[in-house]
Structures are given as structure tokens and as C-alpha cells.
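[1] The amino acid sequence is not available; the structure is as follows:
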Ligand code: SAM
């Protein structure tokens, strides 16, 4: 671990936004799944959420992820409705990307609030059930011949609006992670193999000095 690498890890963690996330509901194409995670990393999402496709496992990561899957955790849920309710119970507003009577332009939402963006499967989108349970329905206005965007493009468009609003609100200027979580993650990112060993043994992580070296 070089001091420069450790400084980068700290810089990224200080900008992570634990109150901004996505819920991917059966997004099944690996390149879409990977591209969404890469955008999550770029805007500072700490943990993404996903309902695996009916076929079983989450899509595998491909080169499109640019290794983002190492830096954005993915929490799985059994179904979209349960996930929406769980995230709402944790204090998130869930914004479903869904065309309905109550849909609003995605730019009207307040992304400085704890927010989860619900994204639908490539073929059938967000279910009516999950969209109804969401706090709001948002859409990116479309003026072309084609009715919808690729899901990863829609995710990026909305997440960068969230980034714009949060930048303006100063939310990237002060760490949003609690100091304890920031130090825990810094150790896990700097020393993933060692961290796994400490967890297996049920031991606390050691302290790191300013250059990222383990204090013995
Ligand atoms: N036939 C599907 C439908 O009717 O919803 C199309 C799904 S679209 C290809 C896949 C996902 O991309 C959607 O569920 C949504 O999450 C996102 N998406 C695509 N276009 C969008 C738009 N204009 N506004 C908001 N989200 C959009």
C-alpha cells in the first residue's frame, strides 16, 4: 500500500454518499448491471441494491464495470416490493423510474434527501406493484421515436442529477460516512485479504497510520 493509494482511498470514501442508492429490479444483462455499478462508483453510491433475475443469480460483472464492483457493495433482495419497503423503513424515499399518472420529470425530485432510484428490467421495466409502493414515479422526458432509454443510460442520467444537487448542497465537501465506518472501509479497501482474515477470526481491524501502514 503506497501512501498515494491510501490517500486516494480516503479521498473517495470521504465523498461516498450512504444516503444515495439504486435498486435494480431484475436487470439481467451483465453489461447493463456493470455499467450501472460503474456510474454508482462515480457518483459515490456506497451500496447498490438488486433483485436477482428470476433465472437465479445476479448477472456476472463484465469489463464494462471497470472493477467498480470492488468498490460498490451489492445487497440482494428477494423481490422488489419487499426491497422498496425495507429501504423506506430505513428512511429512504424510493423514486421509481416508471411512466404513470403521477410521474414527474426526474429533475423535480430532491436528491439531497436519502434516496433510492428504482430501475426496471430491460424487457418489462418496473412492476406496477413496486411503482405504486414507491414514494414517487419519475421519468426522463423522451421526445424521440423510441419509447425508452437503455437502463444504464437512464441510471446515469438520474444519478448525475443527484450528484449535481448534492454537490450544490455541499454533500461531497464533508464526509457523509460516520468516522467509524470510514475507517473500517478504508482498512477493507486497502487490505482486502487481511480484512477477511480478521473478520474470520472475529478480531477488530488494526489501526492504520496516516500513510496507510498498519500500526503494530
Ligand atoms: N418496456 C419497458 C417498460 O415499458 O418499462 C422498457 C424498460 S426500459 C428499457 C428499462 C429501464 O430503464 C426502465 O425500467 C427504467 O428503469 C429505465 N428507463 C428507460 N427509459 C427511461 C425514461 N425515459 N425515464 C426513466 N427511466 C427510464
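    In hand now; what should we look at? Please read these numbers as outputs of a predicted model, since none were measured by experiment.
[2] According to the record, where do the domains of this structure fall?
    Structural domains of the chain, as assigned by automatic domain parsing, span the residue ranges 1-16+177-216, 17-168.
[3] Give me whichever of these is most buried.
    Using mean count of other CB atoms under 10 Å, the stretch among the domains of the chain with the largest mean neighbour count is domain 17-168, at a mean of 18. (Each C-beta comes from the backbone N, C-alpha and C, glycine too.)
[4] First-to-last residue distance for that one?
    For domain 17-168, the first-to-last residue distance is 14 Å (CA to CA, to the nearest Å).
[5] try stretch 38-58
    Between the opening and closing residues of stretch 38-58 lies a distance of 16 Å (CA to CA).
[6] if you average pLDDT over that stretch, what comes out?
    Per-residue pLDDT values across stretch 38-58 average out to 92.
[7] swap in stretch 97-114?
    The model assigns stretch 97-114 a mean pLDDT of 96.
[8] Same check on stretch 155-163?
    In this model, stretch 155-163 has an average pLDDT of 98.
[9] next one: that stretch to chain centre, how far?
    Here the centre of mass of C-alpha atoms in stretch 155-163, compared against the chain's by CA atoms, centre = their mean, to the nearest Å, lies 11 Å away.
[10] now stretch 159-178
    With CA atoms, centre = their mean as the basis, the mean position of stretch 159-178 lies at 14 Å from the chain mean.
[11] can you tell if it touches the ligand?
    No: Stretch 159-178 stays clear of the ligand (CB under 6 Å from any ligand atom), getting no nearer than 11.4 Å.
[12] Identify the residues contacting that stretch?
    With CB atoms under 8 Å, 6 or more residues apart in numbering as the contact definition, stretch 159-178 has outside contacts at 13-20, 22, 39-40, 42-46, 106-107, 110-112, 115, 117, 182, 185.
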